[in-house]
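Student: Sequence and predicted structure below; questions after.
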Number of protein chains: 2
Amino acid sequence: MEGEPTRIMIGVSESTIKGYPHASISSRGAFEWTLQKIVRSNTSGFKLLFLHVQVPDEDGFDDMDSIYASPEDFESMKHRDKRRGLHLLEYFVIKCHEIGISCEAWIRKGDPKEVICHEVKQKQPDLLVVGSRGLGPFQRVFVGTVSEFCAKHAECPVITIKRDASETPQDPVDD
Amino acid sequence: MEGEPTRIMIGVSESTIKGYPHASISSRGAFEWTLQKIVRSNTSGFKLLFLHVQVPDEDGFDDMDSIYASPEDFESMKHRDKRRGLHLLEYFVIKCHEIGISCEAWIRKGDPKEVICHEVKQKQPDLLVVGSRGLGPFQRVFVGTVSEFCAKHAECPVITIKRDASETPQDPVDD
């Protein structure tokens, strides 16, 4: 009766809060919601696909304190980015392993909204779950929202999980 | 481990196709998708809430052939509307009964997008599923879309299930 598991893709990102090298609040919210409300005890009926999109650091803001004196310095920066991405995915994969739900996780680089829609086309999940900071219209104009774009353009059904109001950080644009 | 079931509200509508007094294509699509991809074999983990919103027949188009000669004629028209709404809900409730998933179904009158968001506020489901005809931007301008409004304004996560391209009727605005 069960057949192939329902494949749920979850877009996950790092927290933007300084000195907090973990999953963003909205990513964890989307993941927890999916487990509690959709998967429930039916762990064999679902497979979770975690996609993390790394944004190329165009303005170099994160690297204001770094000095690049050789090609190797750039290599070590790239290496550090990769390590951070792996740390993020490790969090979700370990959780899935504990719960006993099968999963896959991978990293891509680019504009998150474009890359997520592209990966949906490639992987054809049954459902895409994305977290959202739940910003008001005024804030949205400036920061854009990945979730709105995906809800419109992804080639599969999309659920947006808004961040719980009680979890909003000091600056609501942070996550 | 399971606790309270996940409560999924599904907005359902009648077909607009003349002489087809049944559920719309997109309503059935949303229902089938929910069963296949979310509920799967875990019928005890979910409860489905079917909401049908009847639009008051402002222009009386459907009643061009009717003659109203007495207050009773209006009563019989209202009675007929109610019977049609019940016929629609009966379809979904019977299906749920066959599968063994618990459900509730009810009818409201008004503007579907407003009423659905209002009922979400009242019933607080974990998830709202709405079907969509998947119209292009040009068609959308004229017919509006309930799903877009709900995705923006409903106070719970929303999944929009687009009608399968293979099921598009002759006039894509029909459903």
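Tutor: Here it is on my side, so go on.
Student: residues in chain A within reach of chain B, list them.
Tutor: A:1-2, A:6, A:33, A:37-38, A:40-42, A:45, A:126-127, A:151, A:157-162 (Cβ under 8 Å from any Cβ of the partner chain). Where you see a C-beta, it was placed from the backbone N, CA and C, and this is true even at glycine.
Student: try 7 Å
Tutor: Contact residues of chain A with respect to chain B, defined by Cβ under 7 Å from any Cβ of the partner chain, are listed as A:1-2, A:6, A:37-38, A:40-42, A:45, A:126-127, A:151, A:157, A:159-161.
Student: Buried ones from those residues, can you make that a PyMOL selection?
Tutor: When burial is assessed using 16 or more other Cβ atoms under 10 Å in any protein chain shown, the buried subset of these is captured in PyMOL by this command:
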select buried, chain A and resi 6+37+38+40+42+45+126+127+151+157+159+160+161
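Student: Next step: the residues of chain A next to chain B restricted to strands.
Tutor: Assigned to strands by DSSP state E, the following of the residues of chain A next to chain B qualify: A:6, A:127, A:159-161.
Student: Centroid-wise, who is the farthest residue in chain A?
Tutor: A:Ala69 (32.7 Å; Cα atoms, centre = their mean).
Student: Give me the secondary structure label for that residue.
Tutor: A:Ala69 carries the three-state label coil when classified by DSSP: H, G, I helix; E, B strand; the rest coil.
Student: Now that we're looking at the residue lying closest to A:Lys113 once chain neighbours are set aside, what pLDDT does it have?
Tutor: Counting by Cβ to Cβ, 6 or more residues apart in numbering or on different chains, the nearest residue to A:Lys113 once its immediate chain neighbours are dropped is A:Phe149, at 4.0 Å. We note a pLDDT of 88 for A:Phe149 in this prediction.
Student: what does A:Arg80 give?
Tutor: Confidence per residue is given as pLDDT, and for A:Arg80 that number is 79.
Student: any idea how far it is from A:Val93?
Tutor: Computed as Cβ to Cβ, to the nearest Å, the A:Arg80 to A:Val93 distance reads 20 Å.
Student: The two - which one has more neighbours?
Tutor: Just comparing A:Arg80 and A:Val93: by other Cβ atoms under 10 Å in any protein chain shown the higher neighbour count belongs to A:Val93, 16 against 13.
Student: which ones are touching the more buried one?
Tutor: By Cβ atoms under 7 Å, 6 or more residues apart in numbering or on different chains, A:Val93 lies in contact with A:103, A:105.
Student: cutoff 10 Å now
Tutor: By Cβ atoms under 10 Å, 6 or more residues apart in numbering or on different chains, the residues touching A:Val93 are A:48, A:50, A:86, A:103-105.
Student: Buried residues, stretch A:14-25. List them.
Tutor: Within stretch A:14-25, the residues that qualify as buried are A:14-15, A:23-25, counting by 16+ other Cβ under 10 Å.
Student: related to what we said a few turns ago, report the lowest-confidence entry in the contacts of A:Val93.
Tutor: Of all the contacts of A:Val93, the one the model is least sure of by pLDDT is A:Leu86, with 89.
Student: Hmm, A:Ile107 and it touching each other?
Tutor: Yes. With contact taken as Cβ atoms under 10 Å, A:Leu86 and A:Ile107 are classed as touching, separated by 7.5 Å.
Student: Neighbour count: those two, which is higher?
Tutor: Shown here are A:Leu86 and A:Ile107; by other Cβ under 10 Å, A:Ile107 has more neighbours (16 against 13).
Student: Dig out what the more buried one forms beta bridges with.
Tutor: For A:Ile107, the residues forming beta bridges with it (DSSP bridges) are A:His52.
Student: Who are the contact partners of it?
Tutor: Listed by Cβ under 10 Å, 6+ apart, the contact partners of A:Ile107 are A:50-54, A:81-82, A:84-86, A:88-89.
Student: just A:Val120 next, same as before
Tutor: Applying Cβ under 10 Å, 6+ apart to A:Val120 gives the contacts A:9, A:11, A:49, A:51, A:127-128, A:150, A:153-156, A:158.
Student: Out of the residues you listed, which end up buried?
Tutor: Buried positions within the contacts of A:Val120, assessed by neighbour count (16+ other Cβ under 10 Å), are A:9, A:11, A:49, A:51, A:127-128, A:150, A:154, A:156, A:158.
Student: Nearest to A:Pro169 among these?
Tutor: Using Cβ to Cβ, A:Gly11 comes nearest to A:Pro169 of these, at 19.3 Å.
Student: Surely the closest one touches A:Glu119?
Tutor: Yes. Counting by Cβ under 10 Å, A:Gly11 sits close enough to A:Glu119 to count as a contact (8.8 Å).
Student: Next, show the common contact partners of those two.
Tutor: Joint contacts of A:Gly11 and A:Glu119 (Cβ under 10 Å, 6+ apart) are A:49, A:51, A:53, A:128, A:154.
Student: in chain A, which helix or strand is least confident?
Tutor: Of all helical and strand segments in chain A, the minimum by mean pLDDT, DSSP states H and E falls on helix A:137-143, at a mean of 57.
Student: the strands in chain A, which residues?
Tutor: According to DSSP E, the strands that chain A contains are A:6-12, A:46-54, A:102-109, A:127-132, A:158-162.
Student: packing partners for the longest one?
Tutor: Meaning strand A:46-54. Helices and strands in packing contact with strand A:46-54 are listed as strand A:6-12, helix A:25-33, helix A:71-99, strand A:102-109, helix A:112-123, strand A:127-132; criterion 3 or more Cβ pairs under 10 Å, 6 or more residues apart in numbering or on different chains; DSSP states H and E.
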